[in-house]
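> from the sequence below, what's the structure:
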Amino acid sequence: MMDADLLGKRSPPAKNTLHNRKGGRNAIGIGGRNGIGMGGRIRIGMGGRNQIGIGGRITSESAPTVVAALMELMDDLHADVRAGAACALGRLGWTEARQALVRLLEDAPTVGVIEALAGVADDDVVVLLGRVARARPVLADTVLAALDELASTMAVKVANGLRVEQR
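Prediction:
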């Protein structure tokens, strides 16, 4: 099980309708005021900076519903919603989000995208993370933290190389 309350607010139970909300931290609402309600226990809502918050307790019973909702959001018309869904899926370890996260990393690398990629990284992603750290030194510490989470030989090799270059 995973505890998450990334929205910091409670919303009424969701309806099964999609609607846009303008402004504020919750730019996109699905269902209720702040997100998708799932049996009153799980809620997915859009926060700022490409973050999708998952409020409530994800259990083995609710996980398929949460993942299905996030997968659907990856096809949303709004780029920030697609990015948020990909980041959330990456943090949950769903490799289906890897390709979208790699595109985000190549187009506009952020701390959130790097952290999400750590959950689904393969050796190709590890090499790409190393390139991002070299090209954007401001993200190097985040990349190193992500690489340190990985148990692959390639991640250790790239992280060690970055550390040597930082000296």
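> buried stuff in stretch 96-103?
97-98, 100-102 (16 or more other C-beta atoms under 10 Å). In this view, the C-beta of every residue, glycine as well, is placed from N, C-alpha and C.
> out of the residues you listed, what pair is the most spread apart?
Farthest pair in the buried residues of stretch 96-103 (C-beta to C-beta) is 97 and 102. Separation: 9.5 Å.
> any chance you could map the helices in the protein?
Ranges of helices within the chain are 63-73, 79-91, 98-107, 111-118, 123-135, 140-149, 153-166, based on DSSP state H.
> want to throw these into a markdown table with mean pLDDT?
Shown next, in a markdown table, are the helices of the chain (pLDDT from 0 to 100):
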| stretch | mean pLDDT |
| --- | --- |
| helix 63-73 | 87 |
| helix 79-91 | 91 |
| helix 98-107 | 96 |
| helix 111-118 | 94 |
| helix 123-135 | 97 |
| helix 140-149 | 96 |
| helix 153-166 | 95 |
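> wait, residue 159 sits on residue 145?
No: in this structure, residue 159 is not within contact of residue 145 by C-beta atoms under 8 Å, at 9.4 Å.
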